[in-house]
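Participant: Generate coordinates for the sequence data below:
(one chain, ligands or ions: 1)
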Amino acid sequence: MTAINSDEIVSTIDPAGCNCDDCLRGVSVPLHRADAGQLNALLDGRLANATGLDLSDIEAVLDAL
Ligand SMILES: [Zn+2]
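Facilitator: Numbers count the residues shown, from 1 in each chain. Modelled structure (predicted):
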C-alpha cells in the first residue's frame with residue numbers, strides 16, 4: 001500500500017478546539033478540523049467519539065456548536 005489514507009490513521013474525533021498530543025500526532029482530529037469523510041465515519045461509528053457530544057441527537061449537537 002503506497003497511498004496514505006488519513007481515515008486509516010485517525011481513530012478518534014476529539015472535542016472542537018482540542019490540542020492534545022493525539023491531535024498533534026494525527027491519531028485524533030478535533031471536531032472543528034474533521035473533514036466530511038471523517039464526520040461520516042464518526043456518525044457511522046467507524047471513528048471513536050471522544051467529542052463529549054451525544055451524536056444520536058444531531059439537532060442538539062448542531063444547536064450546541
Ligand atoms: Zn485531542
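Participant: buried sites along stretch 47-61?
Facilitator: If you call a residue buried by 16 or more other Cβ atoms under 10 Å, then stretch 47-61 has these buried ones: L47, A50, T51, L53. (C-beta placed from N, C-alpha, C; glycine too.)
Participant: and those as a markdown table, adding secondary structure, distance to the ion and pLDDT?
Facilitator: As requested, these are exported to a markdown table (DSSP: H, G, I helix; E, B strand; the rest coil; distance: Cβ to the ion, whole Å; pLDDT from 0 to 100):
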| residue | secondary structure | distance to the ion | pLDDT |
| --- | --- | --- | --- |
| L47 | coil | 13 | 95 |
| A50 | coil | 7 | 96 |
| T51 | coil | 10 | 93 |
| L53 | coil | 14 | 87 |
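Participant: Mind naming the longest helix for this protein?
Facilitator: Looking only at the chain and at elements set by DSSP state H, the helix with the highest residue count is helix 36-44.
Participant: And for that one, what's in contact with it?
Facilitator: Residues lying outside helix 36-44 but in contact with it, judged by Cβ atoms under 8 Å, 6 or more residues apart in numbering, are S6, D7, V10, I13, V29, A34, L47, N49, T51, L55, I58.
Participant: Farthest pair within these?
Facilitator: Using Cβ to Cβ, those span at most 23.2 Å, a distance reached by S6 and I58.
Participant: any idea how far the residue nearest the centre of the chain is from S28?
Facilitator: In the chain, the C-alpha closest to the average C-alpha coordinate belongs to I13, at a distance of 2.5 Å (Cα atoms, centre = their mean). Distance of I13 to S28, given as Cβ to Cβ, to the nearest Å: 7 Å.
Participant: C23: which of the buried residues of stretch 47-61 is nearest?
Facilitator: Of these, the one sitting nearest to C23 (Cβ to Cβ) turns out to be A50, at 10.2 Å.
Participant: my read: that closest one touches S11, true?
Facilitator: No. Contact status for A50 versus S11: not in contact, 9.6 Å apart, counting by Cβ atoms under 8 Å.
Participant: Following the chain past the longest helix of the chain, name the next helix or strand.
Facilitator: Secondary structure here is assigned by DSSP states H and E; on that basis, the next helix or strand after helix 36-44 toward the C-terminus is strand 48-49.
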